[in-house]
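Q: no letters, just coordinates:
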């Protein structure tokens, strides 16, 4: 695993199948708690193009994200339910396939925030322009309040036993949202600055203030 971010806790990135086993077991536990009903094999699916972002302390897994990169072989999970979306064969998109937080890490952003910043950084490194996810109607608004500007991009359909929207977030718009939140919340600013580095963070601020959209 590659350590991406570290203060009192850390976010690591895993891609190898053996590194993903613990994370998949965590996903299964949270699925049982939350009443999710994934199809057989869905949690482990798309192994060739999946990356796992894991937020943990020395002995506790706090949260994890499974992100499937756009590709021209395995496809994306979202296309199983919304095949009409213009995503097949594209490598400039990615999907947040699973987002799971331990019970004690929910609701305060303590785990979601460092995970979200690292997901954003990975998208920028890999040339991803849009990040997709399947979201409950209430979560579209919740993510926007938190700083992830998702927008509904298709019909409400059942996915893993729940009615969800296919939703899209532009990566450049996410940077602007990060900066807006960081300007008003000290904790948010500290996590974003620690993740991207103080100098790049200051460059972001200058770029947004003068109207620039470069990354």
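A: Yep, that arrived. What you are looking at is a predicted structure, and each value in this text was computed from that prediction instead of being measured.

Q: and the helix or strand where residue 116 lies, what does it pack onto?
A: Assigned by DSSP states H and E, residue 116 belongs to helix 112-126. In terms of contacts (3 or more CB pairs under 8 Å, 6 or more residues apart in numbering; DSSP states H and E), helix 112-126 is packed against strand 2-6, strand 10-14, strand 50-56, strand 61-69, strand 93-101, helix 137-146, helix 171-184, helix 186-196. Where you see a C-beta, it was placed from the backbone N, CA and C, and this is true even at glycine.

Q: contacts for the fifth one next, please.
A: For strand 93-101, the surrounding residues in contact (CB atoms under 8 Å, 6 or more residues apart in numbering) are 26-27, 30-31, 43, 46, 50, 62-70, 76-78, 87, 111-112, 115, 119, 123, 126, 128-133.

Q: where does pLDDT dip in this protein?
A: 1-9, 15-19, 104-110, 194-215 (pLDDT under 70).

Q: still on that earlier bit, relative to residue 162, which of the helices and strands packed on helix 112-126 is closest?
A: helix 137-146 (10.1 Å; CB to CB).

Q: helices and strands around that closest one, which ones?
A: Using 3+ CB pairs under 8 Å, 6+ apart, helix 137-146 sits against helix 112-126, strand 162-170.

Q: save those as CSV, and put in distance to residue 141 and mean neighbour count too.
A: Output for the helices and strands packed on helix 137-146, formatted as CSV (distance: least, CB to CB, whole Å; neighbours: other CB atoms under 10 Å):
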stretch, distance to residue 141, mean neighbour count
helix 112-126, 15, 20
strand 162-170, 11, 19
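
Q: out of the ones you listed, the one nearest residue 57 is which?
A: helix 112-126 (11.8 Å).
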